[in-house]
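A.B. asks: Any chance you could fold what I've pasted below:
(chains A and B)
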Amino acid sequence: MSDQTGKQMSKEEKDARFEAELLPVLDPLYNFAYRLTLDEDDANDLVQETYLKAYRFFDYFEQGTNAKAWLFRILKNSFINEFRKKSKQPAKVDYSEVEGYYNSEDVEGESGVATTTDMRTESVQDLIGDEVASALNALPVDFRTVIILCDLEGFTYEEMAKILDIPIGTVRSRLHRARNSLKEKLEKYARTMGYNG
Amino acid sequence: METKFTEAYEQPASDTRHETDCDKVAKLLDAVVDGEATAEEQTFFTGHLEDCVPCFESHQKQKLLKGLVSGNLKRILVPERLALAIKTKIQATTV
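C.D. replies: This is a model prediction of the structure:
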């Protein structure tokens, strides 16, 4: 039980710190997982797997830095691995999923959380929301991802580059193409509703 | 006559290499709506929009598109038991 020789923290302390720092990200993380997998059970599994990996690598996490971006990065990598080999083997932790995260300047805090507008349920707003969701879901996953990270979660280009492991230039061009696709789909919808783009 | 024809023919080729201000603005649309443009880019962008109606309109459209996603996409409720399931798994994990 108390064999913490050489470790600075007891397991209880570590668990408490882990929960305090990382569990507040559960809501956006689950939403991201759902938007990627489009399935509640898969999202559930993906989020649990992400937290387990994060726990194993928690020593590499620098307290007070951007927990949200760190977790999003782990989740996105898990999703890609899961997607590639749809087998149910025990999840292997790939060190590259967490390393390299801190190799540039500190990521800013949580200031970029997407501001949601007044959420009183209005049927028109629901209707638009459903339409935006289905247009978004129809996009290729790479396109969907950048739009969610940017517009829904409010990540900066620099944070997105880290989460996705791509250069900022690629973030820009991917976002540009993703928005063009989304625009196309929504304009089609607007026309059927009698609006002119 | 013949040389003139060649010149006129070659002209568009060099023209395509030159980016118009509208092209530059189109490339900056995302950075501007995302608040990622540099001060210099922002100044150029704003200046151009003052006398270009099509670019002004595409900026409006881009803002609308971003707003549609950030303001209308419903958030999914996290299953109630998920947080507890995670805590339980973490506590059972020995490092």
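A.B. asks: Next one: the spatially most central residue of chain B, what pLDDT does it get?
C.D. replies: The centroid of chain B falls nearest to residue B:30 when counting by Cα atoms, centre = their mean (1.6 Å). What the model reports as pLDDT for residue B:30 is 97.
A.B. asks: Next, count neighbours for residue 35.
C.D. replies: Since you didn't name a chain, this refers to chain A. By the criterion of other Cβ atoms under 10 Å in any protein chain shown, residue A:35 has 22 neighbours. Where C-beta positions appear, they are placed from N, C-alpha and C, glycine not excepted.
A.B. asks: nope, chain B please
C.D. replies: By other Cβ under 10 Å, 11 other residues sit near residue B:35.
A.B. asks: which residues in chain B form strands?
C.D. replies: Taking DSSP state E, chain B contains no strands at all.
A.B. asks: low-confidence ranges in chain B?
C.D. replies: The model of chain B has pLDDT under 70 over residues B:1-17, B:95.
A.B. asks: Contact distance from chain A - what residues of it qualify?
C.D. replies: With Cβ under 8 Å from any Cβ of the partner chain as the criterion, chain B meets chain A at residues B:27, B:29-31, B:34, B:36, B:61-62, B:65-66, B:68-76, B:78-79, B:82-83, B:85-87, B:89-91, B:93-95.
A.B. asks: Can you select the buried ones from those in ChimeraX?
C.D. replies: Buried residues within these, by 16 or more other Cβ atoms under 10 Å in any protein chain shown, are selected in ChimeraX with:
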select /B:29,30,31,34,36,61,62,65,66,68,69,70,71,72,73,78,82,83,86,90
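A.B. asks: quick one: which of the residues of chain B next to chain A sit in helices?
C.D. replies: B:27, B:29-31, B:61-62, B:65-66, B:68-72, B:82-83, B:85-87, B:89-91 (DSSP state H).
A.B. asks: I'd assumed residue A:168 was in contact with residue A:158.
C.D. replies: Yes. Judged on Cβ atoms under 8 Å, residue A:158 makes contact with residue A:168 at a distance of 6.4 Å.
A.B. asks: Mutual contacts of these two, please.
C.D. replies: Residues touching both residue A:158 and residue A:168 by Cβ atoms under 8 Å, 6 or more residues apart in numbering or on different chains: none at all.
A.B. asks: Check which residues of stretch A:156-169 are buried.
C.D. replies: A:156, A:157, A:158, A:159, A:160, A:161, A:162, A:163, A:164.
A.B. asks: which of those residues lies closest to chain B?
C.D. replies: residue A:157 (5.2 Å; Cβ to the nearest Cβ).
A.B. asks: What separation do you get for the closest one and residue B:18?
C.D. replies: Using Cβ to Cβ, to the nearest Å, residue A:157 is found at 27 Å from residue B:18.
A.B. asks: now do residue A:59
C.D. replies: Residue A:59 sits at a distance of 54 Å from residue B:18 (criterion: Cβ to Cβ).
A.B. asks: between these two, which one's more packed in?
C.D. replies: Legend: neighbour count by other Cβ under 10 Å for residue A:59 and residue B:18, higher for residue A:59 (13 against 7).
A.B. asks: Any stretches of chain A with poor pLDDT?
C.D. replies: Looking at chain A by pLDDT under 70, you get A:1-8, A:83-122, A:194-197.
A.B. asks: same thing but at 80, please
C.D. replies: Where chain A drops to pLDDT under 80, the residues are A:1-9, A:64, A:82-125, A:189-197.
A.B. asks: The top helix by length along chain A and chain B, any residue contact?
C.D. replies: Ranked by residue count, the top helix of chain A under DSSP H comes out as helix A:168-192. Yes. Against chain B, helix A:168-192 shows contacts by Cβ under 8 Å from any Cβ at A:172, A:175, A:176, A:179, A:182, A:183, A:186.
A.B. asks: Pull the contacting residues for the residue nearest to the last one when sequence neighbours are not counted.
C.D. replies: When you say that, I think you mean residue A:186. Spatial nearest neighbour of residue A:186, chain neighbours left out: residue A:135 (5.2 Å); criterion: Cβ to Cβ, 6 or more residues apart in numbering or on different chains. Under the criterion of Cβ under 8 Å, 6+ apart, the neighbours of residue A:135 are A:182, A:185, A:186, A:189.
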